[in-house]
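In: I would like the atomic coordinates for the input below:
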Amino acid sequence: MALVAAMPAVFTSAQAGDGLYVPFFTYRTGPFAGSGIPYANGLTDYLNMLNERDGGVGGVKLIIEECETGYDTKKGVECYDSVKGKNPVVITPLSTGVTLQVIPKASVDKIPVLSMAYGLSASADGSLFPWVFNAPATYWDGASAFIRHVADAEGGFDKLKGKRIGLVHLDAPYGKEPIPLLQALAQNYGFQLKLYPVPAPQMQNQSSLWLDVRRDRLDWIYLQGWGAMNPTALKEAIKIGFPMDRIVGVWWSGSDDDARPVGPEAKGYRSLSITGVGQNYPAIQDILKYVVDKGKSQVTSKDKVGEVLYNRAVLNAALIVEAIRSAQNLTGKRQVNGDDVRRGFEALNITDARWKEIGLPGFAAPIHLSCADHNGHGGISLVQWDETKWSTTVPSIQPIKDKVLPMIDGAAEEYVKANPGWPKRTESCDKSS
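Out: Here you go, the predicted model:
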């Protein structure tokens with residue numbers, strides 16, 4: 001067991017050969033396994049469903065492999081190094097820390113990276129990051145959508161002046177990502193920003209932090225946590241009497257397992273969201289029919305299919321598949337490569353009609369990417385926990401784009417300046433596109 005735990009990469013099933021090779025950097029072990037397992041299941045089940053039902057994408061089988069990282073950045077980089085020679089059509093790091101390390105490598109190796117709604121916010125600038133895609137929303141979009149919600153609840157942006165807003169975040173690259181945006185908005189709107197980092201070893205021991213929250217008399221809290229940190233935060237908030245409807249989580253803090261363990265007192269907790277929930281989608285029903293019912297899934301119970309993190313992973317997998325289809329249509333080839341799929345991502349245009357065609361009607365907002373825009377900056381809703389399930393309260397909450405987009409452009413330029421010899425695009429990219 002010790003030997004297995006020390007291995008940097010553990011692969012499942014296939015080896016790369018004829019087919020479309022799609023490796024996933026998953027974490028079914030480690031401190032975040034509770035969140036990593038349903039996500040890994042959703043990723044692999046959707047692609048396996050397409051293999052079983054359609055024979056793959058465009059008649060070409062999808063070759064699926066998992067590389068176990070334990071949510072450890074070093075192991076994630078080792079995973080990347082172990083798969084890059086197998087001609088992957090896309091890399092999915094499933095960790096902001098891993099993404100930050102992989103970005104410069106993939107740009108040299110010419111492998112597209114999909115860090116779906118996570119990773120480096122600045123990499124949404126496709127003109128400077130041609131190999132990275134982080135649709136459908138960046139962490140800066142999410143933080144600004146939270147501030148817009150606060151402004152709406154308080155009666156306008158002018159009412160933010162003097163408000164005390166806290167960010168309770170995992171003390172890791174993921175948790176720190178929204179800080180620059182929130183600091184800029186605090187200056188713009190005059191609210192006080194308080195930061196409360198939670199080290200991973202202290203995820204389930206936050207008592208002293210929440211005593212600080214009570215002392216600081218916050219008006220609102222934005223929660224950027226992961227795994228066991230989230231229900232612990234909500235339980236501690238209840239202990240100090242902080243109102244649940246004044247806490248809003250990023251989309252990774254709004255799963256069933258974030259609110260359900262807290263019990264009835266979690267009622268009112270809100271979270272941003274980017275996907276639908278439940279099994280009432282034809283594609284999800286096909287996953288049950290072709291994969292789960294045939295014993296080809298690692299889900300432990302059919303009830304887990306359709307929960308938030310599972311469906312979030314289905315969105316991730318669907319974006320990969322639609323980029324592959326787009327690449328096949330652009331090139332006329334069935335067996336596409338990473339460069340083709342990069343072009344496929346840049347031509348991605350998933351409309352409401354297209355979501356319906358692939359069996360996911362109303363599952364997510366339309367996503368349109370381009371050469372310059374590798375994100376889309378939209379598709380965010382607000383959901384609320386009602387003791388047993390999530391219900392949508394605001395179907396569409398827009399990022400504060402006039403603040404976010406200039407920051408992304410500036411941060412992207414700073415990144416390139418700080419990395420001499422950064423690979424440039426081989427073709428022009430009109431930012432007005």
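
In: Residue 253 and residue 226 touch, don't they?
Out: Yes - in this structure, residue 253 is within contact of residue 226 by Cβ atoms under 8 Å, at 7.3 Å. For the C-beta atoms, the positions are set from N, CA and C on the backbone; glycine is no exception.

In: From residue 342, how far out is the nearest residue to residue 336 once chain neighbours are set aside?
Out: Closest residue in space to residue 336, ignoring its immediate chain neighbours: residue 327 at 4.3 Å, by Cβ to Cβ, 6 or more residues apart in numbering. According to Cβ to Cβ, to the nearest Å, residue 327 and residue 342 sit 8 Å apart.

In: So which of those two has more stuff around it?
Out: Legend: neighbour count by other Cβ atoms under 10 Å for residue 327 and residue 342, higher for residue 327 (30 against 25).

In: shouldn't that one be in contact with residue 334?
Out: No - counting by Cβ under 8 Å, residue 327 stays clear of residue 334, with 10.0 Å between them.

In: How about the contacts made by the residue lying closest to residue 401 once chain neighbours are set aside?
Out: Closest residue to residue 401 apart from its sequence neighbours, by Cβ to Cβ, 6+ apart: residue 377 at 6.0 Å. With contacts defined as Cβ atoms under 8 Å, 6 or more residues apart in numbering, residue 377 is in contact with 124, 137-138, 141, 399, 401, 404-405.

In: Residue 188: which of those is nearest?
Out: Closest approach between the contacts of residue 377 and residue 188, by Cβ to Cβ: residue 404, at 11.5 Å.

In: what residues are up against that closest one?
Out: Residue 404 is in contact with 138, 140-141, 144, 181, 377, counting by Cβ under 8 Å, 6+ apart.

In: Might one say that residue 355 is in contact with residue 367?
Out: No - Residue 355 lies out of contact with residue 367 (Cβ under 8 Å); the separation is 9.1 Å.

In: still on that earlier bit, and the contacts of residue 377, which of them are buried?
Out: Using 16 or more other Cβ atoms under 10 Å as the burial test, the contacts of residue 377 include 124, 137-138, 141, 399, 404-405 as buried.

In: Spatially, which two of those are the most separated?
Out: With Cβ to Cβ as the measure, no two of the buried ones among the contacts of residue 377 lie farther apart than 137 and 405, at 12.6 Å.

In: Distance of the residue nearest to residue 178 when sequence neighbours are not counted relative to residue 198?
Out: In space, residue 178 comes closest to residue 143 once its chain neighbours are excluded; the distance is 3.8 Å by Cβ to Cβ, 6+ apart. Counting by Cβ to Cβ, the separation of residue 143 from residue 198 is 17 Å.

In: With residue 92 instead?
Out: With the distance defined as Cβ to Cβ, residue 92 ends up 25 Å from residue 198.

In: hang on, the residue nearest to residue 178 in a strand?
Out: No - the assignment for residue 143 (DSSP: H, G, I helix; E, B strand; the rest coil) gives helix, which keeps it out of a strand.

In: What pLDDT does the model give it?
Out: We have a pLDDT of 98 for residue 143.

In: As a check, name the ranges of all helices in the stretch 101-250 of the chain.
Out: For the stretch 101-250 of the chain, applying DSSP state H, counting those that start in this stretch gives helices covering 139-154, 173-176, 179-189, 207-216, 229-239.

In: Give the buried residues for the fourth one.
Out: The neighbour-count check on helix 207-216 (16+ other Cβ under 10 Å) flags 209-210, 213 as buried.

In: on that earlier part again, now render the contacts of residue 404 as CSV, adding distance to residue 308.
Out: Output for those, formatted as CSV (distance: Cβ to Cβ, whole Å):
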residue, distance to residue 308
138, 20
140, 22
141, 19
144, 22
181, 24
377, 22
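
In: Going along the chain, name the strands of the stretch 251-400 of the chain.
Out: For the stretch 251-400 of the chain, applying DSSP state E, counting those that start in this stretch gives strands covering 270-273, 349-350, 367-368, 381-385, 390-394.

In: looking at these, which is buried most?
Out: Burial of the strands of the stretch 251-400 of the chain is given as mean neighbour count (mean count of other Cβ atoms under 10 Å); strand 270-273 ranks first at a mean of 24.

In: Outside of it itself, list whatever touches it.
Out: Strand 270-273 is contacted from outside by 142, 145-146, 149, 245, 247-251, 253-254, 258, 308, 380-385, 390, 392-393, 397, using Cβ under 8 Å, 6+ apart.

In: surely residue 199 meets residue 205?
Out: No - with contacts counted by Cβ under 8 Å, residue 199 stays clear of residue 205, the gap being 9.5 Å.

In: just the CA coordinates of stretch 407-427, formatted as PDB?
Out: Backbone C-alpha positions of stretch 407-427 (Å, rounded to 0.1, in the frame of the first residue of the first chain) are rendered in PDB as follows:
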ATOM      1  CA  MET A 407      -7.800  43.400 -15.200                       C
ATOM      2  CA  ILE A 408      -7.500  40.200 -17.200                       C
ATOM      3  CA  ASP A 409      -5.800  42.000 -20.100                       C
ATOM      4  CA  GLY A 410      -3.300  43.700 -17.700                       C
ATOM      5  CA  ALA A 411      -2.600  40.500 -15.700                       C
ATOM      6  CA  ALA A 412      -2.000  38.600 -19.000                       C
ATOM      7  CA  GLU A 413       0.500  41.200 -20.200                       C
ATOM      8  CA  GLU A 414       2.300  41.200 -16.800                       C
ATOM      9  CA  TYR A 415       2.500  37.300 -16.900                       C
ATOM     10  CA  VAL A 416       4.100  37.400 -20.400                       C
ATOM     11  CA  LYS A 417       6.600  40.200 -19.300                       C
ATOM     12  CA  ALA A 418       7.600  38.100 -16.300                       C
ATOM     13  CA  ASN A 419       8.300  35.100 -18.500                       C
ATOM     14  CA  PRO A 420      10.900  36.000 -21.100                       C
ATOM     15  CA  GLY A 421      10.700  34.000 -24.300                       C
ATOM     16  CA  TRP A 422       7.000  33.300 -23.800                       C
ATOM     17  CA  PRO A 423       5.700  31.500 -26.900                       C
ATOM     18  CA  LYS A 424       3.700  33.800 -29.100                       C
ATOM     19  CA  ARG A 425       0.700  32.900 -31.200                       C
ATOM     20  CA  THR A 426       1.600  31.600 -34.700                       C
ATOM     21  CA  GLU A 427      -1.400  33.500 -36.100                       C
END
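
In: Which of the residues in it are classified as buried?
Out: 407-409, 411-412, 415-416, 423.

In: Also stretch 232-246?
Out: For stretch 232-246, by 16+ other Cβ under 10 Å, it's 232-238, 242, 244, 246.

In: what's the span of it, first residue to last?
Out: Terminal residues of stretch 232-246 lie 16 Å apart, using Cα to Cα, to the nearest Å.

In: average model confidence for it?
Out: If you average the pLDDT over stretch 232-246, you get 97.
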